[in-house]
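Asks: Got a sequence here, can you model it:
(2 chains)
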Protein chains: 2
Amino acid sequence: MTEAISLAEAFRKAPYKLAGHGPRTVEVLKKALHEVDGELESDIYGKASIIEPFQEKMASFLGKEAAVFFPSGTMAQQIALRIWCDEKENSRVAYHPLCHLEIHEEGGLKELHHIQPILLADKDRVIELEDVTRLNEEIACLLLELPQREIGGQLPSYETLEAISAYCKEEGIRLHLDGARLFEILPYYKKTAAEVCALFDSVYVSFYKGIGGIAGAILAGNKAFTEQSKVWKRRHGGDLISLYPYILSSDYYFDLRVGKMAQYYEEAKELAALYNRCEKVETLPKEPVSNMFHVHFYKSKDIVEPILIDIYQETGVGLTGYIKEVNDEECSYEISIGDLYETVPKAELEDAFKLLGEKLKAV
Amino acid sequence: MTEAISLAEAFRKAPYKLAGHGPRTVEVLKKALHEVDGELESDIYGKASIIEPFQEKMASFLGKEAAVFFPSGTMAQQIALRIWCDEKENSRVAYHPLCHLEIHEEGGLKELHHIQPILLADKDRVIELEDVTRLNEEIACLLLELPQREIGGQLPSYETLEAISAYCKEEGIRLHLDGARLFEILPYYKKTAAEVCALFDSVYVSFYKGIGGIAGAILAGNKAFTEQSKVWKRRHGGDLISLYPYILSSDYYFDLRVGKMAQYYEEAKELAALYNRCEKVETLPKEPVSNMFHVHFYKSKDIVEPILIDIYQETGVGLTGYIKEVNDEECSYEISIGDLYETVPKAELEDAFKLLGEKLKAV
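Replies: Residues are numbered from 1 along each chain as shown, chains lettered A, B, ... in the order given. Next comes the predicted model:
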């Protein structure tokens, strides 16, 4: 009999977990600092040896002229769009209806920068070339998020990306990449970061998704763009006297994990297939194109939650720490594969999904 | 004979230093983390046990209903003024001509918030009651910086503060405190932080001035105000998934140093008196009212710099790591007393100032 325990608690107690790199504890920072010489001098307002070499390293990795470290992607992306809008003297940009700027930033782009977004494409699919060519208003900038996180991390084809990029160049539209999960999609596209970024005028990447750092972002582009971004970073209050706790940890976990993205991607496909073998459950996308996907159950949260808790307790395998109610007959959650997946024994993994299949069949 | 060495280098090499807490190295963070349990869970977007108790502790210390941790004062203060402007539906505020928002933030207040500042008082003195009562435009908010950093850290009398506060209350003007160095002035006013803050509607304090942390700020006020500030913090890109590196270090150094402000203040007065005994040099203020003051030499930077380098090399006492040229006949620097001052032996200190007096007399 299942004892009264929350899903989050049952997940925390499960010895094996299928998603993530492990808990976000202070140990993550301590580990990154462990080998750093205590005598190393702090960055000072964006200058000094702790920040500049990392910015150069990322510029080079992304194939851009220059890069600037930001405390957050929210700040970096609003600023990128603002610079392109100012350049074109046009305050309209276009992005997906489920873009981070549209749904997670309390309208910062509008409230602080008075930029008007045009929402492209339907919510449940990625932006295609036709969405862009059909636009009948001039825009300064188009933002593409790769992968489109809120719909399970879907991607357009690489040919579509190339076509959109060529069209934007022709039309004088700046193309910005929300690359919060850029590293994670490179194995699917079979491209380097620099190859993908060459299609874009400006690029943001994050260090606490697949990389598993603490916080922080890089904004990259040409030198004129990044220099302007530093002025806006100061205006936003992001030009901290010391950003090194984020820089050192970003650098540490970047080196540790950027080479593991192909593994996470393969594991994501394996795990998604296990879900899709069961009835009344489906992953989005069906076959992942990165380390992430969404799991949709065609049963209510009330029904699915106790099933999952049972599985964690019987097999020791935790599938998720939360479920989101979609409606009375559907619920879902997001999976991002990290370092933990490979630590789960295959036998336990099989057991867990055998049990999930049986239990879903019975409801 | 003096070898060719820069002032900064000579200062770095001096075994004794009269200002600051020591170098801003990674060790500052490591020390703060040393006793922290690695299992402690990160804050997540402004929530969880690592941030909320610290916010409550600071709210209580400042005598305010609530407090919010921000990555920077730049962000916190723009937001404070924006909230008060929105409340009054009036986009004018008033502050000192050398206010941080006016001279160090690349015009963020105007560029992001479209707030128009009215500059009160002459540059070289603090804001007095008459400056406020003489205003002939309605303003939403008045910002007072205590102490006024750019003029050596000067303060109005406490009676003036009380009178300005009463006048603002009567006139419906919100009063905001730029308390970047609030802890540092309490010994002079002989008041608690809560007593000073009671005169203000909103308060910002910093953790890397006298407190000597890494970065970070608190914005405090009533609950409706702080709740709004969280929305703006997200808009600015300051609502990071994890702020704990700054929170843990702020908390650690706050506990370590908030009780030492009276000592720093006494030491600042002692050191200023040593300067003022010499010819061609003067401190501003003549008698410090906090741990800080400015040192003005009535000789050019070219003349003063080699004198200082000589002193560091002959006595082992470093006075400053930089000098700012004011004009052809004047130069200056800022002193903030911290933990290092008490480590300087009195004999060496006396020697250094005896030598400074002699050398200045000779030029």
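
Asks: And A:Ala4, what's its pLDDT?
Replies: Looking at A:Ala4, its pLDDT is 78.

Asks: Could you pull up the contacting residues of the residue of the stretch 1-150 of chain A found nearest chain B?
Replies: Of all residues in the stretch 1-150 of chain A, the one sitting closest to chain B is A:Met75 (2.7 Å; Cβ to the nearest Cβ). Backbone N, C-alpha and C define where each C-beta goes, glycine included. The contact partners of A:Met75, by Cβ atoms under 8 Å, 6 or more residues apart in numbering or on different chains, come to A:Ala217, A:Lys233, A:His236, A:Gly238, B:His236, B:Gly237, B:Gly238.

Asks: Please give the element, helix or strand, for it.
Replies: Per DSSP states H and E, A:Met75 falls inside helix A:73-88.

Asks: Let me know the next secondary structure element after that helix.
Replies: Taking DSSP H and E, what comes next after helix A:73-88 is strand A:92-95.

Asks: Let me see the mean pLDDT of that next one.
Replies: 98.

Asks: what packs against that strand?
Replies: Where contact means 3 or more Cβ pairs under 8 Å, 6 or more residues apart in numbering or on different chains; DSSP states H and E, strand A:92-95 is packed against helix A:73-88, strand A:116-119, strand A:141-145.

Asks: so after that strand, what's the next helix or strand?
Replies: Following strand A:92-95 in sequence, per DSSP H and E, is helix A:100-103.

Asks: So what's the residue count around A:Tyr322?
Replies: 12 (other Cβ atoms under 10 Å in any protein chain shown).

Asks: I should have written A:Arg277 there, sorry.
Replies: Count around A:Arg277 with other Cβ under 10 Å applied: 12.

Asks: sorry, back to before: roughly how far apart are the residue of the stretch 1-150 of chain A closest to chain B and B:Gly46?
Replies: For A:Met75, the distance to B:Gly46 equals 15 Å [Cβ to Cβ, to the nearest Å].

Asks: Please apply the same query to A:Leu319.
Replies: Distance of A:Leu319 to B:Gly46, given as Cβ to Cβ: 28 Å.

Asks: So if I had to pick from the two, which one is more boxed in?
Replies: Under the criterion of other Cβ under 10 Å, the comparison of A:Leu319 against B:Gly46 puts A:Leu319 first, with 26 against 18.

Asks: and that one, what does it touch?
Replies: A:Phe11, A:Leu18, A:Ala19, A:Val295, A:Leu308, A:Ile311, A:Tyr312, A:Ala352, A:Leu356.

Asks: mind checking the backbone torsions on the fourth one?
Replies: It stands for A:Val295. phi -110, psi 120 (degrees, to the nearest 10).

Asks: Was I right to think it contacts A:Lys324?
Replies: No: contact criterion Cβ atoms under 8 Å: A:Val295 and A:Lys324 do not qualify, at 10.2 Å.

Asks: tell me, what's touching the two both at once?
Replies: Counting by Cβ under 8 Å, 6+ apart, the shared contacts of A:Val295 and A:Lys324 are A:Ser332, A:Tyr333.

Asks: Tell me which of these two has more neighbours.
Replies: More crowded of A:Val295 and A:Lys324, by other Cβ under 10 Å: A:Val295, with 22 against 12.

Asks: Buried ones in the helix or strand hosting A:Val132, by neighbour count?
Replies: A:Val132 belongs to helix A:129-133 when elements are defined using DSSP H and E. By neighbour count on 16 or more other Cβ atoms under 10 Å in any protein chain shown, the buried set for helix A:129-133 is A:Leu129, A:Asp131, A:Val132.

Asks: Kindly report the same for stretch A:285-296.
Replies: Buried residues in stretch A:285-296, defined by neighbour count with 16+ other Cβ under 10 Å: A:Pro285, A:Pro288, A:Val289, A:Ser290, A:Asn291, A:Met292, A:Phe293, A:His294, A:Val295, A:His296.

Asks: Outside of that stretch itself, list whatever touches it.
Replies: A:147, A:149, A:151-155, A:181, A:184-185, A:188, A:210, A:261, A:264-265, A:267-269, A:272-273, A:275-276, A:281-284, A:319-320, A:326, A:330-338.

Asks: Only whichever of those residues are buried, select them in ChimeraX.
Replies: Per 16+ other Cβ under 10 Å, the buried members of these correspond to this ChimeraX selection:
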select /A:147,149,151,152,153,154,155,181,184,185,188,210,261,264,265,267,268,269,272,275,281,282,283,284,319,320,330,331,332,333,334,335,336,337,338
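
Asks: A:Glu39: neighbouring residues, count only.
Replies: There are 9 residues near A:Glu39, going by other Cβ under 10 Å.

Asks: Could you list which residues are in contact with A:Gly238?
Replies: Applying Cβ under 8 Å, 6+ apart, the residues contacting A:Gly238 are A:Phe70, A:Pro71, A:Ser72, A:Met75, B:Pro71, B:Ser72, B:Met75, B:His236, B:Gly237, B:Gly238.

Asks: And it, how far from B:Gly238?
Replies: Distance of A:Gly238 to B:Gly238, computed by Cβ to Cβ: 7 Å.

Asks: same question, A:Leu98
Replies: The spacing between A:Leu98 and B:Gly238, counted by Cβ to Cβ, is 23 Å.

Asks: Domain ranges for chain A, per the record?
Replies: Residue ranges for each domain of chain A read A:7-24+A:260-361, A:43-241, as given by automatic domain parsing.

Asks: could these go into TSV alongside distance to B:Gln55?
Replies: Output for these, formatted as TSV (distance: least, Cβ to Cβ, whole Å):
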stretch	distance to B:Gln55
domain A:7-24+A:260-361	19
domain A:43-241	18
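
Asks: Most tightly packed of those?
Replies: With neighbours taken as mean count of other Cβ atoms under 10 Å in any protein chain shown, those reach their highest mean count in domain A:43-241, at a mean of 21.

Asks: distance between the ends of that one?
Replies: 7 Å (Cα to Cα, to the nearest Å).

Asks: How about stretch A:178-198?
Replies: 14 Å.

Asks: swap in stretch A:65-73?
Replies: End-to-end span of stretch A:65-73 (Cα to Cα): 19 Å.

Asks: pLDDT of that stretch, averaged?
Replies: pLDDT averaged over stretch A:65-73 gives 98.

Asks: same question, stretch A:40-56
Replies: On average, stretch A:40-56 scores 95.
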